[in-house]
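Novice: Give me the fold of what follows.
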Amino acid sequence: MNIVIAAGVLITLVTGIPVLIQLLRGHPRGLIICFLAEMWERFSYYGMRGLLIFYLTQHFLFDSKVASGHYGSYTSLVYIVPLLGGFLADRYLGTRKAVAFGALLLVAGHLAMAVEGKPAVQTLTYGGHVYEFQAQGRGDARVAKMIVAGKPYDVTATEAGDFAVKGLPADAGLPAVLPKGQYKLDVTGRDPLYLNIFWLALSLIIVGVGFMKANAASLVGQLYPQGDPRRDPGFTLYYYGINLGSFWAAILCGVLGVNVGWWAGFGAAGLGMLAGYVIFVLGKPWLLGHGEPPEPEKLKEKVAGPITRETVIYAISCLAVAAVFLLVQHTPVVSVALIAGMFGSLGYILWLAFAKCEKVERERLLLATVLVLGAVVFWTLFEQAGSSLNLFAATNVNLKLLSKPVEWFGGAVVLGSPEQLTAAGISTAGKLWVNTAFNAAQTQAINAGWILIFAPVFAALWTVLTARRINPNPVIKFGLSLIQVGAGFLILLVGAQFADGAFKMPLIFLVLMYMLHTTGEMCMSPVGLSQMTKLSPAHVVSFVMAVWYMALAMANLFGGWIAGIASTETIGGQVLDPAAAMTQSLMVFKVIGLAAIAIGVLFLALSPVLKTWSHGADDVTA
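Specialist: Model (predicted):
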């Protein structure tokens with residue numbers, strides 16, 4: 001039994017019961033459908049995301065800096081394409097059809113990810129000879145050995161940064177230490193066919209999320225009338241569903257991807273998305289007509305022979321997949337396109353605010369813009385989870401819950417990691433064995449697990465504070481979220497003081513960091529989602545919601561740059577120098593942590609002025 005799975009079941013039962021009660025007793029039934037559909041969508045997305053950085057660095061053997069760039073481009077596009085999905089939903093499809101179409105693309109994309117092909121091979125050239133590396137294991141269990149004269153040897157880096165081969169005999173024809181600049185690293189066997197299948201899979205997922213994500217959140221907002229006090233708690237419960245999917249994705253896909261194979265982890269994500277699609281289609285009656293096309297007859301119009309406008313929209317969307325296929329492979333192009341898109345969208349909002357809106361709508365849109373900018377800062381730090389923090393966990397965090405094996409009930413129950421049991425000579429035959437070790441991909445469940453714990457608490461908290469008219473305004477909540485996400489990174493600096501001889505800090509510090517990131521997220525994300533639906537004029541609500549997700553796109557772009565700065569050299573997907581990796585990561589974490597805290601304090605200082613721009617959007621009525 002894996003202790004992570006056992007803990008997951010316990011957390012789900014304890015936290016899920018109050019959420020289920022709130023869903024059934026005080027909210028529209030359509031929220032349950034949106035809850036379940038988005039839960040499975042997030043299961044698929046986070047199941048794949050938790051493995052992606054390791055897949056890039058260990059299967060295709062991209063350098064960690066290059067992999068972080070591709071990761072940032074992918075996650076950026078995931079959050080910018082909702083502009084297209086939001087526009088088409090507002091003008092033509094309606095949110096329900098857009099969500100269903102996006103779900104189908106996601107099923108295809110995630111299942112395509114399960115087609116992995118043969119792994120690439122790392123090579124080293126020295127003195128005119130080429131040496132291959134033999135790599136085994138995935139995630140934090142990755143071990144790469146250099147093959148010299150048919151025998152494998154462990155490798156490492158010296159304090160000076162030179163390449164060293166351990167245990168190499170004197171007659172090997174190769175020095176045990178290779179100075180920098182005297183050897184060349186390369187990669188062979190990166191099959192173009194399977195690499196293109198991988199890019200296509202990412203493209204399908206990107207466009208699928210673009211149609212589903214912003215529109216699913218907009219559909220939740222449509223379930224509540226303006227001024228309904230249940231809206232904020234409803235979004236928080238919806239956010240619980242998002243993170244229930246994320247939680248189990250990291251646990252199950254992490255186990256399958258690392259222990260069985262990449263194909264198994266990615267395939268499980270695809271099956272999860274298929275379940276979400278089926279639930280959404282069957283649950284249509286519970287939506288009570290919400291999310292339908294604004295002009296149904298216009299969609300049915302023939303525009304070219306028997307081809308309807310709706311068919312043309314889907315065909316154009318498939319062309320978008322081809323465009324994204326080209327974009328996702330070229331990170332500089334994505335960067336330029338994203339920055340241009342962000343400036344263009346914010347420019348459009350400002351033009352709309354000053355040219356088309358009266359004072360109340362204008363200041364509400366301006367407040368939404370300020371919140372979007374704050375979100376860029378928050379998510380830039382928060383989204384380090386899947387890249388730099390994932391690699392940091394694999395290299396510099398002790399992922400074992402116990403320092404040594406424990407035997408209970410006369411040895412009938414054994415707790416410990418496989419390595420600990422082997423070292424202690426303990427057999428698990430005929431015993432109940434609880435594996436007390438995480439793998440690095442499973443650390444992605446920590447954030448989602450904290451959300452499962454805190455979401456019902458925050459939902460109830462906002463309800464009580466609103467009833468007593470002391471609920472902090474959104475600007476204060478955003479300031480608090482920025483301070484907390486920054487403080488989380490500073491906790492890792494404290495944890496480094498307790499690192500062992502292998503430069504691995506205790507797991508508790510990573511858990512505490514994710515706790516602060518989670519409480520910050522609860523002050524940011526569900527509140528921000530709700531604010532976009534409150535502050536936006538009704539005719540552009542999906543577009544503004546898409547701009548909110550574009551803030552996440554910008555954050556992931558910046559996050560990819562930051563993760564690249566935090567990265568260090570790898571061989572065959574294995575970090576050579578854990579000490580250098582820790583030093584580099586902590587330097588980056590310190591800078592971004594302090595910067596976030598300073599911006600959070602600025603938000604708190606400006607809140608008395610900015611809160612007046614909402615003009616009662618947060619007021620509740622019967």
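
Novice: how would you label the closest residue to Gly161 other than its chain neighbours: helix, strand or coil?
Specialist: With CB to CB, 6 or more residues apart in numbering as the criterion, Gly161 has its nearest non-adjacent residue at 5.9 Å, and that residue is Lys180. Yep, even glycine has a C-beta here, placed from its N, CA and C like the rest. Under DSSP: H, G, I helix; E, B strand; the rest coil, Lys180 falls in the coil class.

Novice: Could you tell me how far Lys180 is located from Trp462?
Specialist: 55 Å (CB to CB, to the nearest Å).

Novice: of those two, who's got more company?
Specialist: Legend: neighbour count by other CB atoms under 10 Å for Lys180 and Trp462, higher for Trp462 (22 against 11).

Novice: which residues touch the more buried one?
Specialist: With contact taken as CB atoms under 8 Å, 6 or more residues apart in numbering, Trp462 is in contact with 232-233, 236, 471.

Novice: cutoff 6 Å now
Specialist: Asp232 (CB atoms under 6 Å, 6 or more residues apart in numbering).

Novice: Now do the SS call for Asp154.
Specialist: Recorded secondary structure, Asp154: strand (three-state DSSP).

Novice: Just give the nearest non-adjacent residue to it, would you?
Specialist: Once flanking residues are discounted, Asp154 sits nearest to Lys166: 4.3 Å by CB to CB, 6+ apart.

Novice: can you give me phi and psi for the one you found?
Specialist: Lys166 adopts backbone torsions of phi -80, psi 140, taken as degrees, to the nearest 10.

Novice: What of Phe438?
Specialist: phi -80, psi 160.

Novice: before we move on, the earlier item: so how far is Ala566 from the residue nearest to Gly161?
Specialist: 21 Å.

Novice: Surely Val99 touches Ser218?
Specialist: No: Val99 is beyond contact range of Ser218, at 9.3 Å (criterion: CB atoms under 6 Å).

Novice: Could you pull up the contacting residues of the closest residue in space to Thr519 that isn't next to it in sequence?
Specialist: With sequence-adjacent residues excluded and distances taken as CB to CB, 6+ apart, Thr519 is closest to Gln484, at 5.5 Å. With CB under 6 Å, 6+ apart as the criterion, the residues that contact Gln484 are 516, 519-520.

Novice: Tell me which stretches of the stretch 101-250 of the chain form strands.
Specialist: Using DSSP state E, counting those that start in this stretch, the strands of the stretch 101-250 of the chain run over residues 121-126, 129-136, 143-148, 151-157, 163-165, 177-178, 184-188.

Novice: Can you lay out those strands as CSV showing mean neighbour count?
Specialist: Converted to CSV, the strands of the stretch 101-250 of the chain look like this (neighbours: other CB atoms under 10 Å):
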stretch, mean neighbour count
strand 121-126, 18
strand 129-136, 15
strand 143-148, 18
strand 151-157, 17
strand 163-165, 20
strand 177-178, 15
strand 184-188, 13
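
Novice: if we compare those strands, which one ends up closest to Phe438?
Specialist: The closest of the strands of the stretch 101-250 of the chain to Phe438 is strand 143-148. By CB to CB, the value is 17.8 Å.
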